[in-house]
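In: fold the following.
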Amino acid sequence: MKTPPDHVFGGILFKIVMAKNIFILALLLSSVAVGRADGSSAASVRQRSGSLYELVEKASRNQIRRDSDGFRVPTDGQLKAWRFIVESIFAGRMGDAQQMIRQLSFPYELSRFTERSDGHEYIVLEETVPLQAGWGFYVFDPASKNPLVLEAPHPVFDSNTEFQAIDAFVQTGASAYLLAGAHRRANKQDTPCNQPKSAESSATYPVSDVAHAVATPFHAVHEALVKVRPAMVAVQLHGMTDRQTCPSAFISNGSPSVTTNSRKLLGCLTKGGVEAEIYDGDATCPLTALSNVQGRFSNGETKDPCKNAVSSSPEPGAFIHIEQEPSIRKDRSSWQPVIDALKCAFPGSSADPAKAPAPGRRSYVFKAGDNPAVTVFYHTPAKIDNKTRVIVVMAGRQRNADEYLDPWVDWASKHNYVVLSPQFSQKDWPEPLGYNFGNIATGREASNTPNPKPRWAFTVVEQMFEEAKSRFGLKAKEYDLFGHSAGGQFVHRFMLYMPENKVRLAIAANPGFYTLPDLNTVFPYGVKNSPFRITEDDIRNWVKTDLVLMRGTADLQRTESLRQTPEADAQGKNRFERAAYMFERVRGVDKKTKWRLIDVPGVAHDQKGMALAAQRVLEAEL
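Out: This next block holds a predicted model:
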């Protein structure tokens, strides 16, 4: 992709040279906040008032025209700057955002804008007229409690969607409004992104079509919003011609799956008298948004949404695409039922924060290398700062990671933790080796084939932590690790086979049986003939790690889920006895071991009860 030519932005010569751009950007990113703590020393931000609707009319009227080749494809450095600007706005560092805009000579004005109809203040990012880049018009409300983000990627082409979207933004109290600054067919050059063929056989997708190109500020802003608002639900409003094969409103998620949020919206639309259907992988309406790059990104394809589609959408749903017939978007009265449905499905608003969904409760799809994708259920505190910690929660045999997240939510909000609960599916990570043993080998326990380390589930957890740091803007250098039942088996073996890990404190609660620190006991009950050779030094290092064996005093049952082989029963007849046996074997290696054995009175094989006990241990470590 060629670097844009020299041109004048707002009277300032903006010579775009890739190497120079990246160098200047690096200097700016390392120096923007050298003044006041809030970054506001760099430049003042203008105060304005008026009508957002009128600003949208102005942006729509002045957009880069069709077939003009006037949309400027930004450089990678400029896209990075756009993400920085948005992140700075939501962090309250308006001065940093302003300085980045001015020093890179972006043709934009950043302002605090008071809506005259209700006195509410927004942050507006507006390209100066006449438009020289077509990079879009944006409105932000960092104080909003509503996870909604309204997006209008095809203004004018999808007539009136830009006005419908700004009305929806204001009425729902959403967090952001995104409007493309160029006609979707402004440029003739095709997007490099892989696209399933359009419903129209003659259709193509140019680089100026923001819904199908990642090298746009529109997409960079979307990416930044996903980072600063992890609970974000992006709603894109589109328009279609009258089609016999489509209902008046057609909902899709950017994948063949149906999410809770899209199902709720469908119910609200139907309740409001709007003829609507939802794409579930089998529909006659062809407008399914499978090629929408914002949908791909929100659905978990963060590495390369340009080239890679997604097969499913994480719950409760982070992206909703609505195609609408002309009759629905004709005027304000005709599109109001759609806005009412959005308010019905997403009742949380800045005016009524008590109704807002709990912040940060959702899931995303994480994929490490060539490994199968893992759905990560997670929770974030209301505000992430430099002291925010991370805990990884490993589910039991049923792999119900969503349920394992629940008892951690309130505690994590109170104690400034991000909780990550990865779901290693039975299909992709079959038991027992695929999960309980971290996928260090495949086949049968006694006759197995070692897997390369990049294929280990243990490795995936480490990589998931590193990716989460980037995803959520975390400064944490280590994390805590909790697992119950099969998850407890995972945890204690993780600490053996991944000695270079970044775990601060590990807690293995109620494992069914243990891999003993014994070179003479055959794997999996000891480390003799282990898929990967374990030495005496490895064992000594293992027992020096900070690991808690936690057992419920009522976990005495011998159910079918408890392994009852002679080797397992040699450790004890139940989980309670086996934990004591393991601890004594560890003490036999090193009486000064850092391992601890903690009893949880009255709790049986209950992940919630053990989670509460683990939280008390963690609190003592803070």
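In: look up phi and psi at the residue lying closest to Ala91 once chain neighbours are set aside.
Out: The spatial neighbour of Ala91 that comes closest, neighbours along the chain excluded (CB to CB, 6 or more residues apart in numbering), is Val228 at 7.5 Å. For glycine as for every other residue, the C-beta is placed from the backbone atoms N, C-alpha and C. The phi/psi pair for Val228 (degrees, to the nearest 10) reads phi -80, psi -20.
In: quick one, helices of the stretch 101-250 of the chain?
Out: Taking DSSP state H, counting those that start in this stretch, the helices of the stretch 101-250 of the chain run over residues 161-172, 217-228.
In: the residue nearest to Ala91 and Arg93 touch, don't they?
Out: No: using CB atoms under 8 Å, Val228 is not in contact with Arg93, being 11.7 Å away.
In: show the average pLDDT along stretch 343-357.
Out: Computed over stretch 343-357, the mean pLDDT rounds to 57.
In: over to Ile320. Which of the three states is it?
Out: What DSSP: H, G, I helix; E, B strand; the rest coil gives for Ile320 is strand.
In: can you report how many residues lie near it?
Out: 30 (other CB atoms under 10 Å).
In: and it, what does it touch?
Out: With contacts defined as CB atoms under 8 Å, 6 or more residues apart in numbering, the neighbours of Ile320 are 233-236, 251-253, 261-262, 265.
In: and it, what pLDDT?
Out: 97.
In: Val139 and Glu121 touch, don't they?
Out: No: taking CB under 8 Å as the definition, Val139 is not a contact partner of Glu121, at 10.9 Å.
In: spell out which residues are contacts of both of those two.
Out: Phe113.
In: and the two? Which one has more around it.
Out: Using other CB under 10 Å as the criterion, Val139 and Glu121 rank with Val139 on top: 24 against 14.
In: three-state assignment of the residue nearest to the spatial centre of the chain?
Out: With distances taken as CA atoms, centre = their mean, Tyr364 lies nearest the centre of the chain, 5.0 Å away. Assigned state for Tyr364: strand (three-state reduction, three-state DSSP).
In: what's opposite it in the beta bridge?
Out: Val376 (DSSP bridges).
In: mind checking which of the contacts of Ile320 are buried?
Out: 233-236, 251-253, 261-262, 265 (16 or more other CB atoms under 10 Å).
In: now these in CSV, with distance to Lys343 and pLDDT?
Out: Formatted as CSV, those follow (distance: CB to CB, whole Å; pLDDT from 0 to 100):
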residue, distance to Lys343, pLDDT
Val233, 13, 96
Ala234, 17, 97
Val235, 12, 98
Gln236, 17, 98
Ile251, 16, 95
Ser252, 21, 95
Asn253, 20, 93
Asn261, 14, 95
Ser262, 16, 94
Leu265, 11, 96
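In: which of these fall in strands?
Out: Counting by DSSP state E, the part of the buried ones among the contacts of Ile320 found in strands is 233-236, 251-252.
In: which single one of these is nearest to Ser88?
Out: Ranking those by separation from Ser88, with CB to CB as the measure, puts Ala234 on top at 20.5 Å.
In: how much space separates that closest one from Ile101?
Out: 24 Å (CB to CB, to the nearest Å).
In: go on, Arg66?
Out: Arg66 is 28 Å from Ile101, by CB to CB.
In: and what of Lys330?
Out: 37 Å.
In: okay, the two: which has more neighbours?
Out: Each of Lys330 and Ile101 has its neighbours counted (other CB under 10 Å); Ile101 has more, 20 against 13.
In: residues touching the more buried one, list them.
Out: When the contact criterion is CB under 8 Å, 6+ apart, the partners of Ile101 are 85, 108, 110.
In: could you dump those to JSON lines with pLDDT, neighbour count and distance to Asp428?
Out: Output for the contacts of Ile101, formatted as JSON lines (pLDDT from 0 to 100; neighbours: other CB atoms under 10 Å; distance: CB to CB, whole Å):
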{"residue": "Ile85", "pLDDT": "97", "neighbour count": "27", "distance to Asp428": "39"}
{"residue": "Tyr108", "pLDDT": "96", "neighbour count": "26", "distance to Asp428": "45"}
{"residue": "Leu110", "pLDDT": "96", "neighbour count": "24", "distance to Asp428": "45"}
